[in-house]
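Peer 1: need a 3D model of the sequence below.
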Amino acid sequence: MKKFWVLFSLFILPLVFYIFLSKGIYKYSNLPILTEKVVDVKGFASDENSSFANKLTVVCFLGTDIKEAKASLFNLNQTVYKRYYQKPFFQMFAVLPKESESEYEAVIEELSVFTDIKNWHFVYTNSQNIQSLFNSFDTPFQLNKNLYSENAYIIDMKLRLRGRKDDEDTEGGKLYGYNMRSVSTLKNKMKDDIDVIYYQLKKSAEKQKRRKREI
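Peer 2: Got it, this is the predicted structure:
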């Protein structure tokens, strides 16, 4: 029995670890691009520094009905924003109808009591701009009559919509957005996929460093 455990630790365990690691590397190198080019928020944001470019952005559309959107906002904040807001390049955008600005002030103030909202950006604009931005994501979804979407979306540093093509819970396998009403979806899918992008950024940075050393 002692010999078995010695052999197991020397040969079998490293092999299992290698298989596990290789599968992880495959996963982390393959987060699909679902839409090549989305509209940049800078085209209508009042803050001239607001942009999706060169940032890793999570975008949500909260609409005019606070009762409908508040739970989604707080789920996204607690599950995703708080995990990543201190990481480089990360930011989160809520796109809202102009007429709802005064109503959302209280919600944002409530949010700021227990959250550092420095990388939360709330953009207020007209319905045409909101619809144009949403349409540029090229998803099978629609905003509802209040300009609300139950999904949050990942936009990478090159203004591309990222998601999945092999999601087991989605018809056809394509996961364009992550349901904010589902904490398990945010926790088990969105966080995993954001980690994939950070892994890719890390590997890209390491590659660039190697190239500089070789020059």
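Peer 1: next up, the contacts around M180.
Peer 2: Residues in contact with M180 (C-beta atoms under 8 Å, 6 or more residues apart in numbering) are C60, S72, L73, N75, L76, E150, N151, A152, L186. C-beta coordinates here come from the backbone N, C-alpha and C atoms, glycine included.
Peer 1: which element, helix or strand, includes the most centrally placed residue in the chain?
Peer 2: Nearest residue to the geometric centre of the chain (C-alpha atoms, centre = their mean): I154, 3.6 Å. Assigned by DSSP states H and E, I154 belongs to strand 148-155.
Peer 1: and the gap between the residue nearest to Y85 when sequence neighbours are not counted and L143?
Peer 2: Nearest non-adjacent residue to Y85, counting by C-beta to C-beta, 6 or more residues apart in numbering: N119, 4.6 Å away. As judged by C-beta to C-beta, to the nearest Å, N119 and L143 stand 24 Å apart.
Peer 1: give me the contacts around the longest helix anywhere in the chain.
Peer 2: Counting residues, the longest helix in the chain under DSSP state H turns out to be helix 191-214. Applying C-beta under 8 Å, 6+ apart, the external contacts of helix 191-214 come out as 27-31, 56, 58, 79-80, 83-84, 87, 89, 154, 156-157, 162-164, 178.
Peer 1: ChimeraX command for the buried members of these?
Peer 2: Applying 16 or more other C-beta atoms under 10 Å to those, the buried members can be selected in ChimeraX as follows:
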select :28,31,56,58,79,80,83,84,154,156,162,163,164,178
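Peer 1: residue boundaries of the helices in the protein?
Peer 2: With DSSP H as the criterion, the chain has helices at 2-7, 13-28, 66-76, 82-84, 101-114, 127-136, 183-185, 191-214.
Peer 1: which one, of those helices, ends up nearest to F52?
Peer 2: Closest to F52 of the helices of the chain is helix 127-136 (C-beta to C-beta; 9.8 Å).
Peer 1: picking up where we left off before, can you put the helices of the chain in JSON lines and add distance to D40 and mean pLDDT?
Peer 2: Output for the helices of the chain, formatted as JSON lines (distance: least, C-beta to C-beta, whole Å; pLDDT from 0 to 100):
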{"stretch": "helix 2-7", "distance to D40": "58", "mean pLDDT": "54"}
{"stretch": "helix 13-28", "distance to D40": "27", "mean pLDDT": "45"}
{"stretch": "helix 66-76", "distance to D40": "21", "mean pLDDT": "96"}
{"stretch": "helix 82-84", "distance to D40": "21", "mean pLDDT": "97"}
{"stretch": "helix 101-114", "distance to D40": "21", "mean pLDDT": "95"}
{"stretch": "helix 127-136", "distance to D40": "9", "mean pLDDT": "98"}
{"stretch": "helix 183-185", "distance to D40": "26", "mean pLDDT": "97"}
{"stretch": "helix 191-214", "distance to D40": "18", "mean pLDDT": "84"}
